[in-house]
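Visitor: Quick check, what structure comes out for this input:
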Amino acid sequence: MKKFRTFNQRLKEDLKDKEFKKAFEEDITARIAIQIAKLREKNHLTQKHLSRILHTSQQNVSRLEHPENKSLTINTLQRLASVFHKELVVQFK
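Guide: Predicted coordinates:
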């Protein structure tokens with residue numbers, strides 16, 4: 001049986017890579033991906049379970065949680081906010 005790592009375990013490993021760490025610290029898409037993964041785990045959902053709720057594939061959920069994914073849309077973020085009972089806030093500072 002395959003042992004699953006939590007998002008935090010995976011992130012800890014990935015942050016050892018200097019390029020990944022730099023992108024993680026600077027990139028908004030990385031911060032959003034991390035928020036999605038943390039919300040999913042906080043709600044005790046697997047990627048597969050979240051994919052069923054969103055009517056998509058597990059691979060698409062995995063992409064949403066990938067720090068280098070640049071294809072996030074406001075519509076997708078609104079759907080996620082709804083699933084997690086959160087308000088989506090987008091602002092310029």
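Visitor: okay, CA-based contacts and neighbour counts for the rest of this
Guide: OK.
Visitor: what does the longest helix seen in the chain rub up against?
Guide: Longest helix in the chain by number of residues, with DSSP state H as the criterion: helix 28-42. The contact list for helix 28-42 (C-alpha atoms under 8 Å, 6 or more residues apart in numbering) reads 6-7, 23-25, 46-47, 50, 64-70, 80, 84.
Visitor: Out of those residues, list just those in helices.
Guide: Counting by DSSP H, the contacts of helix 28-42 place 7, 23-25, 47, 50, 64, 80 in helices.
Visitor: Name the member of those with the most neighbours.
Guide: Neighbour counts for these (other C-alpha atoms under 10 Å) peak at residue 64, which has 24 neighbours.
Visitor: what sits against that one?
Guide: 33, 36, 72.
Visitor: Look up how far residue 42 lies from the last one.
Guide: Looking back up the chat, that one is residue 72. Per C-alpha to C-alpha, to the nearest Å, residue 72 is found 21 Å from residue 42.
Visitor: Show me the contact partners of the lowest-mean-pLDDT helix or strand in the chain.
Guide: Using mean pLDDT, DSSP states H and E, the weakest-scoring helix or strand in the chain turns out to be helix 18-26, at a mean of 79. Applying C-alpha under 8 Å, 6+ apart, the external contacts of helix 18-26 come out as 14-15, 30-31, 67.
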